[in-house]
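*Asks:* Let me see the structure of the following:
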Amino acid sequence: MYYAEDFGSIKKKEMRMDKYQDGCIYHVYNIGRNEEAIFFEDRNYKYLIRKMIHNYKMYGVNIIAFCFMPNHFHLLLKQESGGSISEFLDITFAAYDSSTINQEERSGDLFETEPKIVQIKKKEYLKYLIWYIHNNPMKAGMIKRIEEWKHSNYLECIGRHKAYPFDLNIINEFYGSQAEYKLFGRTTGNDIDPGIEKSGYLIDNV
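*Replies:* Next comes the predicted model:
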């Protein structure tokens, strides 16, 4: 059985600094307030990706996988030695939140809650989780081919694109090669292992 440990809210910085451990991998996800959009235009997706690229090395974070959907996002992050996922999330999303709220001339919070955090403790879970994250737009029926979705790093993970500088060694470690990851995704499709689906840690209804 696959499992993960829920570390809950990261609302208070002083309460969360010790929640992240060097060398550990975390699934971070969140949804818009009232399940409303958090991305309104193509430039919003691009802005957040630029912020991640600018900040990830500065705060000692490796971005293994990400997928941005209209009203929610998924990140799979590894905290490197001496790094701080907390600060990476703070700085990156504070900038995005402020920019987007100003753009839309709205008040209040962009997101429903603070991000949900799950530490990944089983390799089997991680193997399916990477695919689950990338497959989000396909499962939602937004595209016909996974390669069509521009707002994830799936194409990097299968060796088709090199726009993002993130370390993808973990893809080779868990799947054998980028080609094997592509094959794994095609074989798995929407049939995520039931142990993962029932864990309560995946947003599969948005």
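*Asks:* which residues sit against the helix or strand where Thr100 lies?
*Replies:* Using DSSP states H and E, Thr100 falls within helix 85-104. Under the criterion Cβ atoms under 8 Å, 6 or more residues apart in numbering, residues 10, 13, 16-17, 19-20, 26, 28, 38-40, 44, 47-48, 51-52, 55-56, 58-59, 61, 77, 79, 107, 109-111, 115 lie in contact with helix 85-104. For glycine as for every other residue, the C-beta is placed from the backbone atoms N, C-alpha and C.
*Asks:* Filter these down to the buried ones.
*Replies:* Buried subset of the contacts of helix 85-104 (neighbour count, 16 or more other Cβ atoms under 10 Å): 10, 16, 19-20, 26, 28, 38-39, 44, 47-48, 51-52, 55-56, 59, 61, 77, 79, 110-111, 115.
*Asks:* Under the pLDDT cut-off, which ranges of this structure? List them.
*Replies:* The chain contains residues with pLDDT under 70 at 1-18, 193-206.
*Asks:* Now, the buried ones among the contacts of helix 85-104 that are in strands?
*Replies:* Applying DSSP state E to those, the entries found in strands are 26, 28, 61, 77, 79.
*Asks:* Distance check, the fourth one against Thr92.
*Replies:* It refers to Leu77. Computed as Cβ to Cβ, to the nearest Å, the Leu77 to Thr92 distance reads 11 Å.
*Asks:* Helices of this structure, start to end?
*Replies:* Taking DSSP state H as the test, the helices found in the chain are 13-16, 42-55, 85-104, 123-139, 154-157, 169-175, 178-188, 194-197.
*Asks:* what's near enough to touch Phe73?
*Replies:* With Cβ under 8 Å, 6+ apart, Phe73 has these contacts: 29-30, 38, 66-67.
*Asks:* Just want the most central residue of this structure.
*Replies:* Leu75 (1.4 Å; Cα atoms, centre = their mean).
*Asks:* That concludes my questions; thank you for your assistance.
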